[in-house]
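In: Just to be clear, the model below is a prediction. Sequence and coordinates:
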Amino acid sequence: MGDPGLFTPNSVTWQMHGDPMMWVAGVRALYLQALHPRAVRGVLQNSDFRRDAWGRLMRTANFVGTTTYGTTEAAERAGARVRKIHSVLTATDPETGERYGVGEPELLLWVHCAEIDSYLHVLRRSGFPLTDAQADRYIAEHRVSARLVGLDPETVPASRAELAAYFGKVRPELVAGPEAREVDDFLLRPPTHPLLIPAREVLWRRVAHLAYAALPPYAHELYGRPAPTPAVVTRRLRATGALLRCVPARVRWQLPPKHILRAMARLGPQARPAPYKVGR
């Protein structure tokens, strides 16, 4: 048997991250992350977000896939690359002139928690079967991914209660400033080829609206745009999840960079992720 990697097929993470609703969850994470002014400023000041947003989204997906399904060596290399990039990038507060590093622990922690909360929230609400204990286990498992980006695992929430306490603590710092508005505008109207604009309006906007609707109520208040009632959002998440899960996994996993298929080739067919394996 080959190297099972940092999480291994016995983890909740291994089973969850193969679900197609991870893409909706990833967009929710972008909306949430943009509400932290210092964090989103670090992104926008160090990249041409509008011109390379798709590339950034794919790089994030590749990092998640590599750390989840790749070998231990590949995951550690991916983490080292992220830490190296963070170590040299800075951002400037336009109001105070303060210059700060994007690798500050508080900023890394916000990005990490927004991602993990989004993955867990969207998948559970869309019908992925997880008990509360398994949800806590998932959060605890991601102290590993937190270490990879440069955080001290002991400072990272390891349960739903700790994650909720963290969001309660950081909530007063959140605001939908100009940078968050820029991210919001991009997510609603990402640049695309003129011939693909109809598809963007029909497909992508539905994904963006659903991801936005799945945000916590305080995020809707900050953005100033209402969302459907929680019951309606849950129904839409479940309907979308049911539709996407009808696409055969082998077909979905053929999309580059094929992390899951490579993991199964390395470890054998028993490594195939599936929701029913979470409780084993």
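Out: Thanks, I have it. Numbering: from 1, shown residues only.
In: how about residue 91, secondary structure?
Out: strand (DSSP: H, G, I helix; E, B strand; the rest coil).
In: The closest residue to it other than its chain neighbours sits in which helix or strand?
Out: Leaving out its chain neighbours, the residue that sits closest to residue 91 by CB to CB, 6 or more residues apart in numbering is residue 42, at 4.2 Å. (Glycine included, C-beta is placed from N, CA and C.) Using DSSP states H and E, residue 42 maps to helix 37-44.
In: need the contact list for the residue nearest to residue 91.
Out: Residues in contact with residue 42, defined by CB atoms under 8 Å, 6 or more residues apart in numbering, are 89, 91, 102, 107.
In: Surely residue 118 touches residue 28?
Out: Yes. With contacts counted by CB atoms under 8 Å, residue 118 reaches residue 28, the gap being 4.3 Å.
In: Mind listing the shared neighbours of these two?
Out: Common neighbours of residue 118 and residue 28 (CB under 8 Å, 6+ apart) are residue 214.
In: Now do residue 98 against residue 111, distance only.
Out: 19 Å (CB to CB, to the nearest Å).
In: who's more crowded, these two?
Out: The neighbour comparison of residue 98 against residue 111 (other CB atoms under 10 Å) goes to residue 111, with 22 against 10.
In: contacting residues for the more buried one?
Out: 33, 39, 149 are the contacts of residue 111 under CB under 8 Å, 6+ apart.
In: what do you get if the cut-off is 6 Å, keeping everything else the same?
Out: Residues near residue 111 by CB atoms under 6 Å, 6 or more residues apart in numbering: 33, 39.
In: Residue 141 now?
Out: Contact analysis of residue 141 by CB under 6 Å, 6+ apart lists 11, 13.
In: now do 7 Å
Out: Going by CB atoms under 7 Å, 6 or more residues apart in numbering, residue 141 touches 7, 11-13.
In: What is the burial count for residue 255?
Out: Count around residue 255 with other CB under 10 Å applied: 10.
In: Over to residue 147?
Out: 16.
In: Quick check: which element contains it?
Out: helix 143-148.
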